[in-house]
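In: Sharing a sequence plus its predicted fold:
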Amino acid sequence: MTRLINRQPSRYSRLMLGLLPFIVLFVIYLVTSDARLAENPSDKLLPSLGSFADAIVRMGFEPSKRTGEYLLWQDTFASLQRLGIAVGLSAMIGLVIGVFNGMIPYVRSPLSPLVTALSLIPPMAILPILFITFGLGELSKVVLIVIGITPVIIRDIQLRTDALPSEQLIKAQTLGGNSWQIILRVVLPQTMPRLIDAVRLTLGSAWLFLIAAEAIAATEGLGYRIFLVRRYLAMDVILPYVFWITTLAFAMDWSLKRISILAFPWYHSAQGARND
């Protein structure tokens, strides 16, 4: 008898099973929305699909009467620019310090406790300090994301570096490689796919910090728009914006995964068939 843990769904079955929860949630929303609107046509909590369509057209395909800008795309560009800069800086800092912490004891001894302490500080708790120090402009928002995700990336890279087979390092030293050559030619190539994994795992937190910063101090951005229209209970705008943020996050995660598979096929083949 084939055990349940050994049964693998087909590609089509995986697709259908993946879509099933979303279909169920969509049906539940439709039923609940129709019930509330039948009782109160002015209800704003669960708008109809027509209201969503009108809001999407208004925000994304009609220029604002006040500024002449297409608000959805303006907000998207502003948020992605902040997120891209912050995640890029975090990845570079995390890679350098993580590898050094993992490979050089004289670096690990002073920096590892500091990184651990920083990773335990709630980034939202120091948001007022960042606004006071860096002002209410773009820099404070980028710094918040960097502070929020960089320690996590550093610790992950450090752990992955520590886990490299010691035989590889010993062989490299036996062949005459110095510390820099070993880091560049042995450690770094094996760390890059793990860096992409670490960035993928921190994307959710990066979006959280971005939305929080934009909600408090911004004049454009996806988080700013959501918190601006909440005072009007404009769920027909809020829910499409939340869905759009989710779509962008999913697209970023999928893109990073594809880049990793194309650039480092040996890593994914070693991980087995299930690459999440």
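Out: That came through, no problem.
In: now the helices for the stretch 101-250 of the chain?
Out: 105-119, 127-134, 138-162, 166-174, 179-182, 188-216, 222-229, 235-263 (DSSP state H, counting those that start in this stretch).
In: ok and the last one relative to helix 188-216, angle-wise?
Out: If I follow you right, that is helix 235-263. Helix 235-263 runs at 170 degrees relative to helix 188-216, counting by axes from the mean of the first three to the mean of the last three C-alpha atoms, to 10 degrees.
In: Give me the mean pLDDT for helix 235-263.
Out: Mean pLDDT, computed over helix 235-263, is 94.
In: which strands and helices sit next to that helix?
Out: helix 49-60, helix 71-103, helix 188-216, helix 222-229, helix 265-271 (3 or more C-beta pairs under 8 Å, 6 or more residues apart in numbering; DSSP states H and E). Glycine gets a C-beta too; all of them are placed from N, C-alpha and C.
In: TSV for those, including mean neighbour count and distance to Ala251?
Out: What follows is the helices and strands packed on helix 235-263, written out as TSV (neighbours: other C-beta atoms under 10 Å; distance: least, C-beta to C-beta, whole Å):
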stretch	mean neighbour count	distance to Ala251
helix 49-60	15	17
helix 71-103	20	10
helix 188-216	20	11
helix 222-229	21	14
helix 265-271	12	20
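In: Return the member of those helices having the minimum mean pLDDT.
Out: Of all the helices and strands packed on helix 235-263, the minimum mean pLDDT falls on helix 265-271 (a mean of 81).
In: could I have that one exported to CSV, CA atoms only?
Out: Written as CSV, here are the backbone C-alpha positions of helix 265-271 (Å, rounded to 0.1, in the frame of the first residue of the first chain):
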residue,chain,number,x,y,z
PRO,A,265,21.2,25.0,-11.3
TRP,A,266,23.7,22.8,-9.3
TYR,A,267,22.3,24.2,-6.1
HIS,A,268,18.7,23.4,-6.9
SER,A,269,19.5,20.0,-8.2
ALA,A,270,21.3,19.3,-4.9
GLN,A,271,18.2,20.5,-3.0
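In: Please give the centre-to-centre distance between it and its chain.
Out: Its chain's average C-alpha position is 23 Å from that of helix 265-271, according to C-alpha atoms, centre = their mean, to the nearest Å.
In: contacts for that helix?
Out: Gln190, Pro193, Ser260, Ile261, Asn275 (C-beta atoms under 8 Å, 6 or more residues apart in numbering).
In: now with 10 Å?
Out: Residues outside helix 265-271 that contact it (C-beta atoms under 10 Å, 6 or more residues apart in numbering) are 189-190, 192-194, 196-197, 257, 260-262, 264, 275.
In: Could you dump these into CSV and include distance to Gly148?
Out: Formatted as CSV, those follow (distance: C-beta to C-beta, whole Å):
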residue, distance to Gly148
Pro189, 28
Gln190, 26
Met192, 22
Pro193, 23
Arg194, 20
Ile196, 19
Asp197, 18
Lys257, 22
Ser260, 23
Ile261, 27
Leu262, 29
Phe264, 26
Asn275, 26
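In: Redo the helices of the stretch 101-250 of the chain as JSON lines? Include distance to Pro63.
Out: Listed next are the helices of the stretch 101-250 of the chain as JSON lines, based on distance: least, C-beta to C-beta, whole Å:
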{"stretch": "helix 105-119", "distance to Pro63": "44"}
{"stretch": "helix 127-134", "distance to Pro63": "31"}
{"stretch": "helix 138-162", "distance to Pro63": "24"}
{"stretch": "helix 166-174", "distance to Pro63": "58"}
{"stretch": "helix 179-182", "distance to Pro63": "55"}
{"stretch": "helix 188-216", "distance to Pro63": "22"}
{"stretch": "helix 222-229", "distance to Pro63": "15"}
{"stretch": "helix 235-263", "distance to Pro63": "16"}
